[in-house]
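> Mind looking at a prediction? Sequence and model below.
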Amino acid sequence: MKWKDAVLSLKPYQPGKSIQEVQKQYGLESITKLASNENPSGCSETVKEVISSFNESYAIYPDGYATMLRQAVSSYLGVKETELIFGNGTDEIIQVISRSLLTSNWNTVMATPSFSQYRHNAVIEGAEIREVELVGGAHNLPRMLEEIDENTAVVWLCTPNNPTGVYITEAELISFLKEVPKDVLVVIDEAYFEYVDAADYPDSTKLIETYKNIIVLRTFSKIYGLASLRVGYGVANEEIIQKLEPARAPFNTNTLAQLAAMTAISDQEFIAECKLENRKGLQQYYRFCEEEGLSYYPSQGNFILIDFQADGDEVFQFLLERGFIVRSGQALGFPTSVRVTVGSAEQNKGIIEIMKEYL
Ligand code: PMP
C-alpha cells in the first residue's frame with residue numbers, strides 16, 4: 001500500500017470530548033459544552049418547524065446543485081447563483097480548495113495560530129506550508145505578503161480569527177489584496193461574520209468583482225445554529241467556482257440541510273437577536289477578566305481566549321470535572337489559555353463562577 005508520508009504524520013482531528021463521554025467519565029448530570037463555538041440558542045423557531053415537518057423521502061438523493069438554497073443565498077447576498085459553492089460545512093470547502101490547488105509543487109501561506117484545517121489539508125496535499133505568527137492576536141499581513149512568491153497557490157485569512165477573535169479591517173484587507181499576485185487564491189474565512197460588530201469590518205462578498213482571486217467562506221454552523229446539519233458556502237468569481245466544483249462530493253449537502261439553511265437565512269430577526277445576546281455574553285467575560293486581572297483578546301466571534309497564565313490543559317481539566325467543556329489553549333497554540341464559547345447568560349455566569357474557584 002502506498003500512503004503519502006505527510007498524511008501518516010497527521011493525527012486525526014480531535015474536536016474535544018463529547019457531552020456523553022464527559023457525563024459517563026465523571027458521573028455528572030449536567031454538562032455544558034462551550035468548546036466548539038456553537039450557538040447556545042440553537043436555530044430559529046421557523047427552522048425548527050421546517051425540520052420537524054420535513055417529510056421528503058430519505059431514499060432520494062438530494063439536489064446536488066442545492067438549487068433552492070443557492071437561490072436563497074444568492075438573493076440574500078446579492079451575488080449571482082454561479083458565484084456560490086456549497087459544502088458539507090466550510091470544512092469541505094477548505095478541503096476542496098486544498099485538493100484543487102495544492103500539490104508538492106506549491107506553497108501555501110497562513111497565519112498561526114489559526115483554524116487548524118488550513119494546515120491539516122495542506123499537509124495531506126503535500127504542499128509547503130508557510131506559517132506567519134500572529135501579532136497581538138491579529139494576522140501579520142505585511143509578513144504574510146513577504147512569504148508569497150511565484151510558487152504560492154493559496155493564502156488563508158481567518159477573520160475574525162479562530163482562536164483569538166481578532167479581525168482584519170477593510171483598509172487592511174484591501175491594501176493586502178492589492179499586493180497579492182492575481183494568480184494566488186486568497187481565502188477569506190468568515191465563519192463568524194454574522195457576529196462581528198465593527199464599522200471597519202468589510203463585507204468581503206462585495207469585493208469578488210474587483211478581486212477575482214478571492215473566495216469568501218461563510219457557514220450555517222455558527223450563528224445560524226445548524227452545525228450538525230453541515231452546510232457552509234463559498235462566494236467567489238464564477239471562474240474560481242467552476243474550477244473548484246469538480247473536487248466536491250456530488251451530493252455533499254443533504255435535502256434536510258438545504259431546506260433548513262434556506263429557511264435560516266430568511267430569518268434575520270433571529271440572527272440579530274443572537275448577535276446581541278453574544279455581545280452581552282462577551283461583556284460578562286470581559287468584566288470577569290478585568291476584575292481578575294486576566295488578559296484576553298477582545299473578540300468579534302462567539303468565543304473568547306482567556307489567558308490564565310497556567311497550563312491550559314490543567315484549567316481545561318478543572319472546568320471539565322465541574323461540568324464545563326471548553327478548549328484547552330494547548331491544542332490551539334496558546335498553551336496558558338483556554339478558549340470558551342459564549343453561551344447563554346446563565347451558562348456564562350456558571351462557568352465564570354467555576355473559573356473564579358480555579359483562581
Ligand atoms: N472556519 C473557521 C474559522 C471555524 O472556526 C470553523 C469551525 N470551527 C470552520 C471554518 C468550519 O465550520 P463548518 O465546517 O462547520 O462550516
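Nice, I can see it. Residues are numbered from 1 along each chain as shown.

> OK, contacts around the closest residue to Pro113 other than its chain neighbours?
Excluding the flanking residues, the one nearest Pro113 by C-beta to C-beta, 6 or more residues apart in numbering is Gly333, at 2.9 Å. Heads up, the C-betas are built off the backbone N, CA and C, glycines and all. Neighbour list for Gly333: Thr112, Pro113, Pro163 [criterion: C-beta atoms under 8 Å, 6 or more residues apart in numbering].

> residues from the stretch 201-350 of the chain in reach of the ligand?
Thr219, Ser221, Ala227, Gly232 (C-beta under 6 Å from any ligand atom).

> export these to a markdown table and tack on neighbour count, secondary structure and pLDDT?
Formatted as a markdown table, these follow (neighbours: other C-beta atoms under 10 Å; DSSP: H, G, I helix; E, B strand; the rest coil; pLDDT from 0 to 100):
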| residue | neighbour count | secondary structure | pLDDT |
| --- | --- | --- | --- |
| Thr219 | 25 | strand | 98 |
| Ser221 | 22 | coil | 98 |
| Ala227 | 18 | helix | 98 |
| Gly232 | 26 | strand | 98 |
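
> hmm, back to that, most neighbours, which of the contacts of Gly333?
Pro163 (29 neighbours; other C-beta atoms under 10 Å).

> Am I right that that one is in contact with Thr341?
No: in this structure Pro163 lies outside contact range of Thr341 using C-beta atoms under 8 Å: 10.7 Å.

> Chain neighbours aside, what residue packs nearest to the closest residue to the ligand within the stretch 251-359 of the chain?
Closest residue of the stretch 251-359 of the chain to the ligand, C-beta to the nearest ligand atom: Gly301 (8.0 Å). Leaving aside its sequence neighbours, Gly301 sits nearest to Tyr192 (C-beta to C-beta, 6+ apart; 3.9 Å).

> Which residue is it, in the protein, that comes closest to the ligand?
Closest point on the chain to the ligand, by C-beta to the nearest ligand atom, is Gly89, at 2.5 Å.

> Give me the phi and psi angles of that residue.
Dihedral angles of Gly89 (phi, psi; degrees, to the nearest 10) stand at phi 80, psi 160.

> Please name the residues that touch it.
By C-beta under 8 Å, 6+ apart, the neighbours of Gly89 are Thr219, Ser221, Ala227, Arg230, Val231, Gly232.

> Could you report the pLDDT at it?
What the model reports for Gly89 is a pLDDT of 98.

> Repeat that for Asp5.
With respect to pLDDT, Asp5 has a value of 81.

> neighbours of it, just the number please.
What Asp5 shows, counting by other C-beta under 10 Å, is a neighbour count of 7.

> Backbone torsions only: list them for it.
Torsion angles, degrees, to the nearest 10, at Asp5: phi -60, psi -40.

> And Ala264, by the same measure?
The phi/psi pair for Ala264 (degrees, to the nearest 10) is phi -60, psi -40.

> The closest residue to it other than its chain neighbours: what's it in contact with?
The spatially closest residue to Ala264, leaving aside those adjacent along the chain, is Tyr224, at 4.4 Å (C-beta to C-beta, 6+ apart). Tyr224 makes contact with Asn39, Cys43, Val47, Glu194, Ala261, Ala264, Ile265, Ile271, according to C-beta under 8 Å, 6+ apart.

> what does the helix or strand that the third one is a member of rub up against?
Which is Val47. Assigned by DSSP states H and E, Val47 belongs to helix 45-52. With contact meaning C-beta under 8 Å, 6+ apart, helix 45-52 is reached by 42-43, 224-226, 256, 259-260, 263-264, 266-267, 270.

> Relative to the whole chain's centre, how far out is it?
Distance of helix 45-52 from the chain centroid (C-alpha atoms, centre = their mean, to the nearest Å) equals 24 Å.

> After that helix, which helix or strand is next? Please name it.
helix 67-77.

> The next helix-or-strand element following that next one vs the ligand: in contact?
On the C-terminal side of helix 67-77, the closest following helix or strand by DSSP H and E is strand 84-87. No: Strand 84-87 lies out of reach of the ligand by C-beta under 6 Å from any ligand atom, never closer than 7.4 Å.

> Let's verify Lys356: helix, strand, or coil?
When classified by DSSP: H, G, I helix; E, B strand; the rest coil, Lys356 comes out as helix.

> quick one: Leu157 is in a strand?
Yes: according to three-state DSSP, Leu157 belongs to a strand.

> Ile168 is in contact with that one, correct?
Yes: counting by C-beta under 8 Å, Ile168 is a contact partner of Leu157 at 6.2 Å.

> more crowded one of the two?
Leu157 (28 against 24).

> Bridged to the more buried one, which residues?
Going by DSSP bridges, Leu157 is paired in beta bridges with Ile188.

> Local confidence estimate at it?
At Leu157, pLDDT is 98.

> That one and Met144, how far apart?
8 Å (C-beta to C-beta, to the nearest Å).

> between those two, what contacts are shared?
Ala111, Phe176.

> pLDDT below threshold where in the stretch 51-200 of the chain?
Along the stretch 51-200 of the chain, the model assigns pLDDT under 70 to no residue.

> What residues does it have near the ligand?
So the stretch 51-200 of the chain meets the ligand at Gly89, Thr90, Asp91, Phe115, Cys158, Asn162, Asp189, Ala191 (C-beta under 6 Å from any ligand atom).
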